[in-house]
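S.K.: My questions concern the predicted model and sequence given below.
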Amino acid sequence: MIVIGAGAAGMMASITAAEAGANVTLLEKNDALGRKLLITGNGRCNLTNIREGGDFISGYFQGGQFLRDAIKALPPEGLLGFFRKRGVEFKVEEDGKVFPVTDRAADIVDTLKSALNETGVNVLCGSRVRDIKISDGMANGVILANGKEFQGGAVVLASGGLSYGSTGSSGDGYPMAENAGHRIIGLRPGLVALNTEEDMSCLEGLSVEDVIVSFVSGRKKVRAGRGSLIFTRKGVSGPVIISSSAKIIDAFESGPGVRIELNFCGGSNVEEVSRELTAMLAASPNKDAVRIVGEFVPRRLAELITARSGIGIGIKANMVKKEARAEAARELAAFPMTIVSSRPMEEAMVTRGGVSLKEIDPRTMASRIVKGLFLAGEIIDVDGDTGGFNLQAAFSTGFLAGRSAALIVAGR
Ligand SMILES: Cc1cc2nc3c(=O)[nH]c(=O)nc-3n(C[C@H](O)[C@H](O)[C@H](O)COP(=O)(O)OP(=O)(O)OC[C@H]3O[C@@H](n4cnc5c(N)ncnc54)[C@H](O)[C@@H]3O)c2cc1C
């Protein structure tokens, strides 16, 4: 059988199928395996998530229900067991994020390479697949960009998404899936920084801890997330924005531009912050007002809020006017910004959209259109939150596709 793409999904599919007795050829267009895996988690690889409480599939924005069988086949503990058996140890960090104790994504890639080797998978790098060969509604091989052909009783398409194309995942698989008759659902960036209408260059690089982000959808205020935020030259980034980006971008559907509000005060509302600020100003009448605002937020942001609210820089606490104080409280509890777009696909951590889930059997990852074709990993219309959910989806769907494809090959 043939596997296209040596990322998380393709390597796991190959190893699983080979362990089940299939003769597997893994084709990778790069000259090295797992290039994207190496940069995951800032080079530390957040492999999966074992946070307590809540259903694991609630970590997915799209496709969670579809993944149930795949995650049952290879759950987080099963994935960790795969690596532990081969000598990798793990640690759990905040929110259940799991990393190798060595903080080296390279250990994950090296382990997969050894497993490919041990199971006898025929790994061919520098092999860019151009298309899948299909005859009589059955996938029976692939053709490379250089014209070379490979025959196989089953084909697993695991060529990844479109984001960070420099790693090799440049969307080659979508036309292959389309040629096979599959529908591709709207491709768009996911887990990505956002551009704002406001020029934030004066705060570029500033990181603020514990920010609550909400947005207004229709007339309702929706809480998008909580965590640290980084101002960028063009807008906002950081964990809370990356995690909230899917919800905020989806809100574009109701019109261009999404108004968000940043709460820098642990969720206290404008009135509560106003009371607190009033008391603090009264308690230190001779202190610079900006220093008091600076007790809520970092200095650069405090300066901006002090200037914007009309308090003014160099003003003592006892000189602050009532309206300016009220405005400062509003900015601290509901700092307004308008999101106009996301950063481009190349900067996104995942691709949203992909091969329609309606055309894939979730129990096997088999195409419902072409016999002998299986799909796994980011190419399918599944995307999850940060925290290890995307790699778990890639490994679990890869595992299930590999196991199912091996059965088909054995039966032919
Ligand atoms: C910067 C960054 C950090 C991330 N960190 C995390 C994290 O810590 N935890 C997490 O869960 N997720 C993380 N993700 C997401 C995660 O990396 C992906 O969801 C996951 O790697 C997808 O796996 P995949 O096997 O489907 O695709 P990929 O890993 O993209 O692998 C696809 C492979 O197919 C090859 N290929 C493509 N076209 C062809 C072709 N025509 N012929 C042959 N080969 C081809 C590619 O070269 C590539 O090697 C991160 C993503 C990025 C960009």
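M.R.: Great, that's in hand.
S.K.: Near the ligand, which residues of the chain are found?
M.R.: Residues of the chain found near the ligand (CB under 6 Å from any ligand atom) are 4-10, 27-30, 35-37, 39-41, 45-46, 128-129, 158-160, 163-164, 168-169, 172-173, 349-350, 377-378, 388-391, 394. Using the backbone N, CA and C atoms, a C-beta is placed for each residue, glycine as well.
S.K.: neighbours around the nearest residue to Arg35 once chain neighbours are set aside, how many?
M.R.: Computed as CB to CB, 6 or more residues apart in numbering, the closest residue to Arg35 that is not its neighbour in sequence is Thr167, at 4.4 Å. As a burial measure, Thr167 scores 16 neighbours (other CB atoms under 10 Å).
S.K.: what do you get for Arg291?
M.R.: Based on other CB under 10 Å, the number of other residues close to Arg291 is 14.
S.K.: Please apply the same query to Pro189.
M.R.: 26.
S.K.: Now do the phi/psi pair for it.
M.R.: phi -70, psi 140 (degrees, to the nearest 10).
S.K.: which residues touch it?
M.R.: Contacts for Pro189 (CB atoms under 8 Å, 6 or more residues apart in numbering) come out as Ser163, Ser245, Ile249, Ser342, Arg343, Pro344, Met345, Glu347, Ala348, Thr351, Arg352.
S.K.: could you redo the last one with a cut-off of 7 Å?
M.R.: Pro189 makes contacts with Ser163, Ser342, Arg343, Pro344, Met345, Ala348, as judged by CB atoms under 7 Å, 6 or more residues apart in numbering.
S.K.: Now the closest residue to it other than its chain neighbours. Its backbone dihedrals?
M.R.: Leaving aside its sequence neighbours, Pro189 sits nearest to Ala348 (CB to CB, 6+ apart; 3.4 Å). Backbone torsions of Ala348, given as degrees, to the nearest 10, read phi -80, psi 150.
S.K.: Give me the buried entries from the residues of the chain next to the ligand.
M.R.: Neighbour-count burial (16 or more other CB atoms under 10 Å) is assigned, among these, to 4-10, 27-30, 35-37, 39-41, 45-46, 129, 158-160, 163-164, 168-169, 172-173, 349-350, 377-378, 388-391, 394.
S.K.: Which neighbouring elements make contact with the host helix or strand of Val109?
M.R.: According to DSSP states H and E, Val109 maps onto helix 105-118. Judged by 3 or more CB pairs under 7 Å, 6 or more residues apart in numbering; DSSP states H and E, the packing partners of helix 105-118 are helix 8-19, helix 35-39.
S.K.: Contacts for the helix or strand just after the shortest one next, please.
M.R.: Along the chain past helix 35-39, the next helix or strand (assigned with DSSP H and E) turns out to be strand 48-49. Under the contact criterion CB under 7 Å, 6+ apart, strand 48-49 has outside partners Gly59, Pro76, Leu79, Leu80, Gly96, Lys97, Val98, Gly387, Gly388, Phe389, Leu391, Gln392.
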